[in-house]
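J.: A structural model of the following input is requested.
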Amino acid sequence: MNADPVAYPYRILVVDNLEVLVDATRNRLESAGYHVETATTLDDADDLMHGRYFHVAVLDIRMMGGDPNDWTGIELAERCRFPETK
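T.: The predicted model follows:
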């Protein structure tokens, strides 16, 4: 199935601590018709995910929280909720 992103706007989450990378990725995906939400911290990404789902998550899995004992991008990936598929 080749879904048109404009007719069916996939929700994409982009998370990276490098704002320039987040902005470039968002701009490219939005120009293709996708709905994109972004975050530059793990806490902001976690807040975005509450009560929402994303079809795709582009994550910096090596990202760390502000405190060295804090959580990581891998743990954020484990928290992602995706819509059920049939």
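
J.: which residues does the spatially most central residue of the chain contact?
T.: Nearest residue to the geometric centre of the chain (C-alpha atoms, centre = their mean): L13, 2.0 Å. By C-beta atoms under 8 Å, 6 or more residues apart in numbering, L13 lies in contact with 36-39, 45, 48-49, 54, 56-59, 80. Quick note: C-beta positions are derived from backbone N, CA and C, even for glycine.

J.: any idea which helix or strand carries P9?
T.: P9 is part of no helix or strand, with elements assigned from DSSP states H and E.

J.: so it touches A32, yeah?
T.: No: the pair P9 / A32 is not scored as a contact, 10.4 Å apart, by C-beta atoms under 8 Å.

J.: Please pull out the lowest mean pLDDT helix or strand from the protein.
T.: Least confident element among the helices and strands of the chain, by mean pLDDT, DSSP states H and E: helix 73-79 (a mean of 80).

J.: got a pLDDT number for G51?
T.: Predicted confidence (pLDDT) for G51: 78.
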